[in-house]
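>>> A structural model of the following input is requested.
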Amino acid sequence: WIDVQPAIYALLAAAGLFVLVVHDLLPAGALGTAKFVLEGSVAITFATLLVVLTGRDQSPFFFTFPLIVGGAALVVSPRVTFGLAAAACLAYIVAIAPPGSGGLAPRTVAIVGINVTALILLAYVAMVIAREQRRARDAAIRLSTIDPLTGLFNRTFFFAAVEREIARSARSGRGFCLLMMDLDELKMINDRHGHFFGDRVLRGVGEVIRSTGRRIDTSARYGGDEFVVLLPETDPTGAYVLAEKIRLGVADLRVDVAGTMIQPSVSIGVVSYPDDGRTSDELMITADTSMYRSKRAGKNRVTGVPVMATEDEPAPAEPE
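This is a model prediction of the structure:
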């Protein structure tokens, strides 16, 4: 296409400049979800102009349309993919037979029909592949972050959430609280009735914790019979209130274990950031100590970090 080479080179340069601006010069997230729609629309425009410059129905660059639609299907929703596929088909038809161009030869009509059909089929296949890919990704994320027994988050996710909350608190100056709780007498249930019924009790406690907490809270199974809850932007008073709600909710739980109704209970420790620790490890150590003070005090209670007493004064009674 010697006669239109300068125009082709200018088009390719403009396309490259667009990619450079959108992907490298603009801040990440500047366009939000509109970025994909903008990219798809501009790409279809460039592809249409390229087809026009390189022979219309004789152009070998029709493949750019399926590439655009197929690539979009991997990152956007099926509805947006369908819209881009429709726009690509319309742009291709306009490039081959612009308005006012008159009738088309039967051979040209056949070429356009085959290419449009191929574009639609490729768009459908790309959407199916993208859907399965998203399902596999979501399943992998769930397996890596969710405890399969209780449905709560796992220990790894919880520690990452605590680190994020510490960083956020350092920026905002607002603290947070953390609960650690232990299911009382789980070993006795496992030894007497078996682990199947012990797991049933764990699931019941996990459901109480999940239903009692707020949407912004992060509840996790810490390991074995221990659970933890991260309470963003919560003072110790609010943490005690929520901990008491969880304790009462578990105490009201009735679990059918081999024909016997088991009434479980939890011992809960409450700590706050930054008073009781400035790192995730310090907070967990303090929370663990506080929780075991609840167990030693008789179980089925909420305990905070005690106020240190002087040598002449006894330590004040802790709230329960």
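>>> Now do the SS call for residue 256.
strand (DSSP: H, G, I helix; E, B strand; the rest coil).
>>> Next up, the contacts around it.
200, 262 (CB atoms under 8 Å, 6 or more residues apart in numbering). For every residue, glycine as well, the C-beta is placed using N, CA and C.
>>> try the one 10 residues further on
Residues in contact with residue 266 (CB under 8 Å, 6+ apart) are 181-184, 205, 227, 246-247, 250, 300.
>>> Just the residues you listed: which are in strands?
Those of those mapping onto strands are 181-183, 227, per DSSP state E.
>>> and which of these is nearest residue 110?
Nearest to residue 110 among the ones in strands among the contacts of residue 266: residue 227, at 66.7 Å, using CB to CB.
>>> okay but the closest one is in contact with residue 206, surely?
Yes - Residue 227 lies in contact with residue 206 (CB atoms under 8 Å); the separation is 7.1 Å.
>>> what sits in contact with each of these two?
By CB under 8 Å, 6+ apart, the residues touching both residue 227 and residue 206 are 152, 219, 221.
>>> Tell me which of those residues fall in strands.
219, 221.
>>> Any quick ChimeraX command for the buried ones out of the shared contacts of residue 227 and residue 206?
Those of those that count as buried under 16 or more other CB atoms under 10 Å are selected in ChimeraX with:
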select :152,219,221
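>>> mind putting the shared contacts of residue 227 and residue 206 in CSV, distance to residue 119 included?
Supplementary listing: the shared contacts of residue 227 and residue 206 in CSV, determined by distance: CB to CB, whole Å:
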residue, distance to residue 119
152, 46
219, 47
221, 49
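>>> Could you dump the shared contacts of residue 227 and residue 206 into TSV with distance to residue 75 and pLDDT added?
Shown next, in TSV, are the shared contacts of residue 227 and residue 206 (distance: CB to CB, whole Å; pLDDT from 0 to 100):
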residue	distance to residue 75	pLDDT
152	30	93
219	31	94
221	33	94
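>>> Closest to residue 188 out of the shared contacts of residue 227 and residue 206?
When the shared contacts of residue 227 and residue 206 are ranked by distance to residue 188 (CB to CB), residue 221 comes first, at 19.6 Å.
>>> so how far is residue 15 from the closest one?
51 Å (CB to CB, to the nearest Å).
>>> likewise residue 238?
The gap separating residue 238 from residue 15 is 55 Å, by CB to CB.
>>> okay, the two: which has more neighbours?
residue 15 (17 against 13; other CB atoms under 10 Å).
>>> what kind of secondary structure is that one in?
Classified using three-state DSSP, residue 15 is helix.
>>> Which residue is the nearest non-sequential neighbour of it?
Once flanking residues are discounted, residue 15 sits nearest to residue 46: 4.8 Å by CB to CB, 6 or more residues apart in numbering.
>>> Who are the contact partners of the one you found?
Counting by CB under 8 Å, 6+ apart, residue 46 touches 11, 14-15, 18, 64.
>>> host element of it?
Taking DSSP states H and E as the definition, residue 46 sits inside helix 34-53.
>>> can you pull the pLDDT of the closest residue to residue 68 other than its chain neighbours?
Of all residues not flanking residue 68 in the chain, residue 43 sits nearest, at 4.7 Å (CB to CB, 6+ apart). On pLDDT, residue 43 comes in at 91.
>>> my guess is residue 43 meets residue 66, correct?
No - counting by CB under 8 Å, residue 66 is not a contact partner of residue 43; they are 11.8 Å apart.
>>> what about the stretch 201-320 of the chain, any weak spots by pLDDT?
The stretch 201-320 of the chain contains residues with pLDDT under 70 at 306-320.
>>> how distant is the helix ranked longest in the chain from the center of its chain?
Criterion DSSP state H: the longest helix present in the chain is helix 106-145. How far helix 106-145 lies from its chain's middle: 24 Å, per CA atoms, centre = their mean, to the nearest Å.
>>> Could you do stretch 261-277 as well?
For stretch 261-277, the distance to the chain centre is 27 Å (CA atoms, centre = their mean).
>>> measure that stretch end to end?
40 Å (CA to CA, to the nearest Å).
>>> Would you indicate which residues of it are buried?
If you call a residue buried by 16+ other CB under 10 Å, then stretch 261-277 has these buried ones: 262, 264-273, 276-277.
>>> quick one: which of those is nearest residue 145?
residue 273 (22.4 Å).
>>> contacting residues around the closest one?
The contact partners of residue 273, by CB under 8 Å, 6+ apart, come to 165-166, 169, 175-178, 283.
>>> of all those residues, which two lie farthest apart?
166 and 177 (12.6 Å).
>>> circling back: among the contacts of residue 273, which lie within helices?
Among these, the ones falling in helices (DSSP H) are 165-166, 169, 283.
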